[in-house]
Structure formats: C-alpha cells, structure tokens
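Trainee: Predicted model, plus sequence, below.
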Amino acid sequence: MTRNNVSAEWWKQAVVYQVYPRSFYDANGDGLGDIKGVTAHMDYLHALGINAIWLSPFYPSPLADGGYDVADYRNVDPRLGTLEDFDEMAAAAHAVGIKVIVDIVPNHTSTEHPWFKEALAAGPGSPERDRYVFRPGRGEHGELPPNGWKSTFGGPAWEPVGDGEWYLHLFAVEQADLNWKNADVHEDFKQTLRFWSDRGADGFRIDVAHALAKDLESRPLADWPDDPDQGEPGDENPLWDRPEVHEIYREWRQVFNEYEPARFAVAEAWVVPEHQWMYASPDELGQVFNFQLSNAGWFADEFRLAIEKGLAAAEQSGSTTTWVLSNHDMPRHPTRYGLPQVRSAVHHQLVTDWLLRDGKTYYEDRDLGTRRARAALLMELGLPGSVYLYQGEELGLFEVADIPWGALEDPEAAMTSHGDAIKGRDGCRVPLPWRAMDESGDFGFSAPVDHAPAHLPQPEWFAQYAVDVEETERDSMLKFYRRALAARTELLTATGDTSLTWAAGYDDQVIAYERPIADGRVLTSVTNFGAAPVALPAGEVLLASAPLADGGLPADATAWVAR
Ligand code: NOJ
C-alpha cells in the first residue's frame, strides 16, 4: 500500500483506472463483463500500480446508454452480478490498497425507473410528475414540443407521453431528466451516496454534473434558443453550468463529511476552464475532470495551454486538478495521435469523419500514435494532481473504427443512423483482449469455454495487444505503464509536494517542467514535439518513452531526468 493511499486526501494525487464493467472481463460467459470479472483481475490492477478504480455504472439498466440509464441506483444489474459481488470486489480492492469510486448519474433516470413509471401513471400536475421535467406541449392539443431544445444525442429533447405533456431528455429518449427543484430527488440521491459509502465506496464520479440545475421558469420556454451552448455558462443559459447547481454539491459535501475519511467526488462538467474550479472547491465535490489534455492535438502549445489551465484551475479551487487522455466517451488517444494532426478545434471533426467512414479516409499511423501515447503518458504522470486512465490504454489499444453499423450499441450512433450520422463511442468500448490464442474466439474476454459472443465484436488485430502477449514483451505498453506508474509513486507522490516550474532554455517545440522528487533531487520532464532531437539536461535519465538517440531525445518522446 502506498503512503498516498492511506491519507484522507489520497485522491488529490491518485492514479485512477476507469473500468467500463461491461467490457472489462466476463466471468459468467454471457458476453457482458461483470463485477466478478473485476474481482478476478484485482491482482492485475494492483500490479499495474494504480491507486483507485472508478467503475462506470453497473446498476440495473435497460442499457439504452451503456448503463447511464439507471433503473435502480442502489443495486447491481443482475447481468453484472449482485450486491454481494460488489462487496467482495470492494473488499478485494481494499485488501490491496486500491480505492473504489462509483458513478452517480443524477441528471436523469432510465424511463424504466419506478419513479418514471409512477409519473406516467399519476398524470399531469401530480407530485409524481414533479420529480421529472414535464411540460405541456404547444399547439391546440399539445401536439408540439414545449420548445426546440435538442438532445445531446440528436433529435428533439422533448418526448410526448400522450396526454398533452412532454418530458425533457437532454440525452436519449430513455433517459428522463430529473427535476432538481423537487425535495424527493434531493433526499433520494443523498440516500444513494450513503448507501454506496456504507458499502465501501471511497468516492464518486458525477455524471453531467453541470446540467442538474435548470431554469424553466424565468421566461416562456419557447423564448430560449434551440441549442443552448454548453460552453456558455451563467444565468443566461437555461440548462448548463447554472450558478444554482453549486447549492446541490454543497449539500452533498455535508453527506461526504459524515464519513471518516470524508468522501470526495469528481465532477464530469464540460464547462469553460474558468468555471471548472467551482465544482472542485472543498465545500463542494473536491475534484473536477479537466478535459483540456484530451482535447489537445499533438502540438506543444496546445499541451502547454492545457497544463497551464489545469494548474490555474487547481490553484483557484484549493484542490488539485485531474489529467485525462482517454475515457469511454472519446476515441482512444493512440488513434487520435496517429491520424493527421490539425488544430484541436477541427481535429474532433476529422476523427469523427474518419470513424464514420470505418477508418478508411485517413491513414492511421499506429507506430507514430504509439510513440506519442507513450510520450504523453510520461508527461502526464509527472504532473501534480490526479491522473485518470481508461481501461485498455495500458495495452496501447487503438480505436476500433470498423464495427459494423448493425453491431453498434451507442445511442449516439443509433439516433442518427448512417447518412448525416456519427458512429458514436463504441470503438473505445470493445471488450478487452486478455489472451491472444483463445480458441473460443473472444481473446479470453469470457471465462467459461462455452460463452455468448462478446457484446461488441473484437478486431483480429487485438491479438497483438492481448495482455498475455504484452506480458512477454520487454518493452510493451503494459510494461511501460507499470514502470512509469511505479516511478511516479516512488518519486513524486511520495513527496506530497505539488509544485511545478517550467524549465528554461527550450524552444517552443518542447514541453519541459521541473518537480522536486523524494530523494531530494529535481526531476525534469522533457517532451519533444519537434522533428529534431533535443539535448537533455545533465543528470540521470530515470525513464524515457523511446530509446535515446546520440543527439538526445528524439521526436515524439518524453524523458525524465534527475539531478
Ligand atoms: C456522460 C457519460 O460519460 C456518457 O457516457 C453518457 O452518455 C452521458 N453522460 C449521459 O449520461
């Protein structure tokens, strides 16, 4: 157990590994990953050197949005296991010093949630409907939606229920938005936070944390613009990042503080960087995802700005920041770095188009993507704050771009289907390859020999990235992750010192920063975004993401030097 993990503020400098449970490991052979599958790999996770796991939703759910459509917040989906399985998993994690973070989805419930069914049955004006956002439709018989708001996944954000009223769903039609002005909603989520805290959850990840407070009263609904921009915060935005949302998190902080050590949460809030810190402040959640790194293209100035903004937000909040390269909502970063690089503002569109055409429109340079992913990891791990890893990145997996349309599960893809479409997020959610030579055809994803097919098809090239293959290669991505994580823990986390200084004397194609390390020396992390090799400072090279050339650090590489 690291010293870091026994302190009450362990989460401030943690390395958190995101488990997407349905795609991690299938212990019972139904083709869906499960909780027992996580328990079965606790040794693997421990050997990786992480401090915590965050589990994406594993609750009972119709899986209209990969489990982010929750039908029962205080239970385990029977396909993924039982509450006893959760207890065993948490105990196994704690036994090896790994903390457990669970996902809370407070903006919406599944339309299969008992509350939603009660709301439909009870009719307009009832207290049951007041837990959600129901409004009368426009037109003579309420046949038109209350206004033109769009769902994040495409199509209208309102759905009629047949009695003149419509309900709001900012995401899929199966995800009905809750009304956070309703007292039942507040009480129920506090109960959920206590339920999982009592069962051993050490922290929470809060889904779309910036959407809970909504203004549907201050002006007629039809007067709002059709597409309130998530990036435009404040009173003028009826849906996203409204000031009142922070009252909810101050209330939750009281619940977190009932525990010893106090629980924390990390907000998923796609807000302007200048607003991030509020969610993270000590009287609210504690931490917020900083997605700046994952937004950056492979350009030194974009990475530098991302780091500067993250550090500034941390300082403002009085907490620490977070660093993210990948998660279950974005194309995997070795693919992003291996595709042609254009500025971040348009890179997203380039990757989306490439996916839409099954990965055929641009050449994906996998060697280059891998080199850059290694460099990015080392740069990221040297930064103060917490690092959130996404399952499979330790294997260097790429995005699976050619999943057949008929096999896609993501509502983002289903909502739009073909033509004007986007292909959605399934390409990073394909079940993990554990064994290259697996006769039953799923790279060892399912434990039983007789099993249902993996819920998303795995490509043949997964064989090269299977865990058992990487275990045997001296310099595989997996081995590199283990080495780099061990070095971070030993050298950086152990100091508790979060200071960072930009190193002088490098050109603008280089990102170089200095950090004090545990043995009293100073670590310089140098990343070369340019084409020509860069001279490293004198000292001991502790770790390098690529072999050093005579002239120094080659292109697309990071080295850590101590002196
Ligand atoms: C963010 C989650 O990460 C994403 O997967 C989900 O689709 C939306 N929130 C809606 O819950």
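Mentor: Arrived safely.
Trainee: mind checking how far stretch 240-259 is from the chain centre?
Mentor: 21 Å (Cα atoms, centre = their mean, to the nearest Å).
Trainee: no, scratch that, I was asking about stretch 461-471
Mentor: Counting by Cα atoms, centre = their mean, stretch 461-471 comes out at 24 Å from the chain centroid.
Trainee: Quick check: buried residues in it?
Mentor: Within stretch 461-471, the residues that qualify as buried are 462, 463, 465, 466, 467, 469, 470, counting by 16 or more other Cβ atoms under 10 Å. C-beta here means a position set from N, CA and C on the backbone, and glycine is covered the same way.
Trainee: Looking at those, spot the one nearest the ligand.
Mentor: residue 462 (22.4 Å; Cβ to the nearest ligand atom).
Trainee: ok, now which ones touch that closest one?
Mentor: The contact partners of residue 462, taken as Cβ atoms under 8 Å, 6 or more residues apart in numbering, are 397, 430, 433, 443.
Trainee: burial measure for the second one, as a count.
Mentor: Around residue 430 there are 24 other residues, counting by other Cβ atoms under 10 Å.
Trainee: Residue 496: neighbour count?
Mentor: Residue 496: 13 surrounding residues under other Cβ under 10 Å.
Trainee: Burial check on whichever residue of the chain sits closest to the ligand, number of neighbours?
Mentor: The chain approaches the ligand most closely through residue 68 (3.4 Å), counting by Cβ to the nearest ligand atom. Using other Cβ under 10 Å, residue 68 has 25 other residues around it.
Trainee: Tell me which helix or strand it sits in.
Mentor: Residue 68 belongs to no helix or strand when assigned by DSSP states H and E.
Trainee: Dump the contacts of residue 462 to TSV, plus distance to the ligand, secondary structure and pLDDT.
Mentor: TSV is the format used below for the contacts of residue 462 (distance: Cβ to the nearest ligand atom, whole Å; DSSP: H, G, I helix; E, B strand; the rest coil; pLDDT from 0 to 100):
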residue	distance to the ligand	secondary structure	pLDDT
397	18	coil	98
430	15	coil	98
433	22	coil	98
443	24	coil	98
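Trainee: Need the max-distance pair from these.
Mentor: Spatially, the most separated pair among the contacts of residue 462 is 397 and 443, at 11.3 Å (Cβ to Cβ).
Trainee: ok, residue 404 touching residue 457?
Mentor: Yes - between residue 404 and residue 457 there is a contact at 7.3 Å, judged by Cβ atoms under 8 Å.
Trainee: Compare these two (neighbour count), which wins?
Mentor: Neighbour count, other Cβ under 10 Å: between residue 404 and residue 457, residue 457 has more, with 15 against 8.
Trainee: Would you agree the more buried one falls within a helix?
Mentor: No - Residue 457: not assigned to a helix; according to DSSP: H, G, I helix; E, B strand; the rest coil it is coil.
Trainee: so who does it touch?
Mentor: Residue 457 neighbours (Cβ under 8 Å, 6+ apart): 403, 404, 407, 430.
Trainee: same thing but at 10 Å, please
Mentor: 400, 402, 403, 404, 407, 426, 430, 431, 442 (Cβ atoms under 10 Å, 6 or more residues apart in numbering).
Trainee: before we move on, back to that, per-residue pLDDT of the residue of the chain closest to the ligand, please?
Mentor: pLDDT for residue 68: 98.
Trainee: And residue 327, by the same measure?
Mentor: On pLDDT, residue 327 comes in at 98.
Trainee: Now it. Nearest residue, chain neighbours left out?
Mentor: Leaving aside its sequence neighbours, residue 327 sits nearest to residue 390 (Cβ to Cβ, 6 or more residues apart in numbering; 4.9 Å).
Trainee: Okay, now the unreliable bits of the stretch 201-350 of the chain?
Mentor: Scanning the stretch 201-350 of the chain for pLDDT under 70 picks out the ranges 230-235.
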